[in-house]
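S.K.: One predicted model, sequence on top.
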Amino acid sequence: MAQIQWFPGHMAKARNQVQEKLKLVDLVLEIVDSRVPEASRNPMMNQIVGQKPRIMVLNKKDLADPQKTAEWLAYYRKQGYEAIAIDAQHARRLQQIPQLARQMMKAKLEKQKSRGIRNPGLRAMCIGIPNVGKSTVLNRLVKKNIAVTGNRPGVTKNQQWLTADDTFQVLDTPGILWPKFEDESVGNKLALTGAIADTVYQADTVGLFGLTFFQQGYPQALRKAYGLNDDDMAQKPADLMIALSQKWGYGEEYNRAAERVIFDARQGKFGPFTLEVPGDLDGHAE
Ligand SMILES: Nc1nc2c(ncn2[C@@H]2O[C@H](COP(=O)(O)OP(=O)(O)OP(=O)(O)O)[C@@H](O)[C@H]2O)c(=O)[nH]1
């Protein structure tokens, strides 16, 4: 996981790098984590990408609640994006992405054809915050690591392209942008899913956030994972954390119990989960 500390200078540099590369591509694959699709988006994505066609790629769908993933896909489509949910880790080839891109960019491809271009093609780049799976998507998208040097006029020399198929290429390096830090709940969500470095959050806060979330949102999963009874489940989250700490032999080192909850959530001990739904965004439009 990238351990980037995002100071304003780094953000400006990241933005410039992405915008430079955007000039080379026809479309953007915006990679997000299906468990936290909004919290794992860069806050300035719309300004940075502008009008460039975009596919929302909800990655890590194997870790997310399928019903909520379906809600998110519907939400993004309603916003006018193409959207797809994938599990890049376990899928060998992600052919749906080039197929979707071709459907979406049909007019452009036809225009190329009518201009006499024999092999009309599309070029894309992956963009996202650290740890959403950009590199995994890239690697699963392409056949082998065949790097092709950019040979379009005006294209940066030595720009490497990876070939997904005859008509679809991806830039070999993903664009990395910073996550949202605007409110505590976003920070907690990103920390719980592992998108931000362990050094920049308080485990006790994030662990309690997680325990509260699972107690309310996925009570059966929590009950089963930790062998809890009705009385345990009726406790306030902070009291439950204390009880768990004692049960696990950590005594008053509640911190360790909190760390264990975070670890278990990331490992999938509570099953697939999604920390936010489109309804949470009401009144928070970009
Ligand atoms: N379960 C699951 N894990 C995934 C999936 N895609 C990626 N991962 C895992 O998520 C972690 C981050 O993946 P990367 O591809 O390195 O993410 P990245 O966005 O390139 O990360 P940075 O290099 O930090 O910017 C790795 O441990 C991957 O194995 C997925 O679809 N499902």
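M.R.: It's in.

S.K.: Around the ligand, pick out the residues from the stretch 101-250 of the chain.
M.R.: Counting by Cβ under 6 Å from any ligand atom, the residues of the stretch 101-250 of the chain close to the ligand are 128, 130-136, 174, 176. C-beta: built from backbone N, CA, C; applies to glycine.

S.K.: Start from the N-terminal end of the stretch 151-286 of the chain and give the helices.
M.R.: Secondary structure of the stretch 151-286 of the chain (DSSP state H, counting those that start in this stretch): helices at 184-193, 203-217, 219-226, 230-234, 237-247, 254-267.

S.K.: As JSON lines, those helices with mean pLDDT and mean neighbour count would be great.
M.R.: Compiled in JSON lines, those are given as follows (pLDDT from 0 to 100; neighbours: other Cβ atoms under 10 Å):
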{"stretch": "helix 184-193", "mean pLDDT": "92", "mean neighbour count": "22"}
{"stretch": "helix 203-217", "mean pLDDT": "97", "mean neighbour count": "20"}
{"stretch": "helix 219-226", "mean pLDDT": "98", "mean neighbour count": "16"}
{"stretch": "helix 230-234", "mean pLDDT": "96", "mean neighbour count": "11"}
{"stretch": "helix 237-247", "mean pLDDT": "97", "mean neighbour count": "17"}
{"stretch": "helix 254-267", "mean pLDDT": "96", "mean neighbour count": "19"}
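
S.K.: In the stretch 151-286 of the chain, what residue lies closest to the ligand?
M.R.: Ile176 (4.9 Å; Cβ to the nearest ligand atom).

S.K.: ok, that residue touching Arg15?
M.R.: No: if you go by Cβ atoms under 8 Å, Ile176 and Arg15 don't touch, sitting 10.6 Å apart.

S.K.: Domains in this protein, by residue range?
M.R.: What automatic domain parsing lists as the domains of the chain is 9-180, 202-267.

S.K.: Least confident of those domains, on average?
M.R.: Comparing mean pLDDT over the domains of the chain, the weakest stretch is domain 9-180, at a mean of 89.

S.K.: what about Tyr64, how many residues close to it?
M.R.: For the record, residue 64 is Ala, not Tyr. 24 (other Cβ atoms under 10 Å).

S.K.: Understood, closing this out.
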